[in-house]
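Chemist: From the sequence below, what's the structure:
(2 chains)
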Amino acid sequence: MSGGKHARPKGTRDWMPEDATARRRVEQAFRHTAAVFGFQEIITPTFEHTEIFIKSSGEGSDVVTKEMYSFEDRAGRNLTLRPEGTPGVVRAVLEERMKPPLRLYYHGPYFRYGRPQKGRLREFHQLGVEVIGERNPAVDVEVIQLGAWFFERLGIADCATQLNSIGCRECRPAYRAELVAFLSGRVAALCEDCRTRLERNPMRVLDCKRETCRLQFAEAPKPAGHLCPSCAEHFARVRAELDRRGLRYELNDRLVRGLDYYNRTTFEYLSARIGAQDSIGGGGRYDYLFEEFGGPSLPAVGFALGLERTMMAMAENPAPARRRLAFLVCVTEAQRPAAVDLLARLRADGVAAQMSYEDKPGRQFKAADAARAACCVVLGPDEVARGTVSLKDLVTGEQTEIPANIVIPEVRALFRD
RNA sequence: GUGAGUGUAGCUCAAUUGGUUAGAGCACCUGACUGUGGCUCAGGAUGUUGGGGGUUCAAGUCCCCUCACUCACCCCA
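Modeler: Okay, here's the model as predicted:
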């Protein structure tokens, strides 16, 4: 039933033990992939001064104008729960005077105020990487490859990589003017949203989802066709290197990412199986952001992926296996002290063990089953008299009596399969 | 922020055109089982029908408000 007295805040979720386990696996896989590519972890605060995000995402962006969790602290400082990862990393790199080139990865919770839907929460989690201080197009490719490998490792088969280039300071103004000129002649055919986009951020008109708008854009000038020579070369080298590494991608000349700080390469990973919010990750180059933060001119490229969306795109987990947990059962209370001692020995040896304090053995087995334990270690008068224990495999139901002193290796052996 | 849809037991869902005591499956509890979980059988408990107001002789059912969830738009992970 929904709407109890103490319900979760809107747009948040609970991670039940099974969910938490699955999430850990994804996070570990990401750590591993990032580490293999030479990245090191960086952890930055969950909230920052609000101006950090305004500066990087852009004053008029939707994220800034209507999606931030901002608040004043008790001393009147204006703070914001981070809506994305890159600004905090950039700030930290400058503030801590870290020496480029840098390869950093991060993960954690992010916050955006908006109406929740499938694949969009108010508190969500991202995993991301940033390469700072490298201009070479091969680095863009490495970052794209990292993401592709990661998704592949998770078994996300139907994941498409889309690629585009949106130019730089040199070529964008001219292109932009041309696009505006083109669109201005067709305002009447555009939807309400696109008309406001035309004024605010014309390039966004390109990825409108409406069929009527899309028809208009068929002949619209595209960013990739208006690159300056050096951007064109960069883009060509990115594509050549992707091909050389055998990475599959599709060009999407409408891929214009939402955050203002991107330039040149932009890319996105899409999954068809997670609903309308089909982007499971995306990124691109941001060669100007450090300057805008008052730092040196530092080229950079990175990407972030959504943990929740990624997990939705993953194949359903197979039947939940039993836990690597041994459950102690004592047949009568007389064996309780011996059982408690054995419990401690198992735990001291790193074997997860637990026991029920029900009196009847039947209850204790039931508790073991309910806890999804892999086996029971049974202590009864007979076993104690013989210096043995009975080990019951809860999957097969087989029970064997073994010398008490080999319990730990036997339980371990049982866990192995 | 905009729009649409949905809220009935722990879960999934029933309940004639408004009509008497709101049902079923699964799960749960008890027993058959005084040294053994799952399987079987026999019993058992469970609801302020999300909340508040209204219409009516009568509301789970109709109307209004509110809350929550879902999906989509916007935007993005």
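
Chemist: which residues touch the residue of the stretch 1-150 of chain A found nearest RNA strand B?
Modeler: When scored by C-beta to the nearest atom of the strand, the stretch 1-150 of chain A has A:Lys118 as its residue closest to RNA strand B, at 2.9 Å. Heads up, the C-betas are built off the backbone N, CA and C, glycines and all. Residues counted as contacts of A:Lys118 (C-beta atoms under 8 Å, 6 or more residues apart in numbering) are A:Ile274, A:Gly275, A:Ala276, A:Gln277, A:Met312.

Chemist: thinking the fourth one is in contact with A:Leu121, fair?
Modeler: What it means is A:Gln277. No - using C-beta atoms under 8 Å, A:Gln277 is not in contact with A:Leu121; the gap is 10.4 Å.

Chemist: And those two? Which one has more around it.
Modeler: A:Leu121 (21 against 15; other C-beta atoms under 10 Å).

Chemist: Out of the helices and strands in chain A, which is least certain?
Modeler: Taking mean pLDDT, DSSP states H and E as the measure, chain A has helix A:211-217 as its least confident helix or strand, at a mean of 72.

Chemist: how about the helix or strand that that one is followed by as CSV, C-alpha atoms only?
Modeler: The C-terminal neighbour of helix A:211-217 among helices and strands, as given by DSSP states H and E, is helix A:229-244. Extracted in CSV, the C-alpha atoms of helix A:229-244 (Å, rounded to 0.1, in the frame of the first residue of the first chain):
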residue,chain,number,x,y,z
PRO,A,229,39.5,22.2,-40.2
SER,A,230,40.9,21.3,-36.8
CYS,A,231,37.6,20.0,-35.4
ALA,A,232,37.0,18.1,-38.6
GLU,A,233,40.4,16.5,-38.3
HIS,A,234,39.8,15.7,-34.6
PHE,A,235,36.5,14.1,-35.5
ALA,A,236,37.9,12.1,-38.4
ARG,A,237,40.7,10.8,-36.2
VAL,A,238,38.2,9.8,-33.5
ARG,A,239,36.2,7.8,-36.1
ALA,A,240,39.3,6.3,-37.6
GLU,A,241,40.6,5.1,-34.2
LEU,A,242,37.2,3.7,-33.3
ASP,A,243,37.2,1.7,-36.5
ARG,A,244,40.7,0.6,-35.9
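
Chemist: can you list the residues that contact helix A:229-244?
Modeler: Applying C-beta under 8 Å, 6+ apart, the contact partners of helix A:229-244 are A:137-138, A:140-141, A:144, A:163, A:165, A:167-168, A:170-171, A:224, A:227, A:249, A:251, A:264-265.
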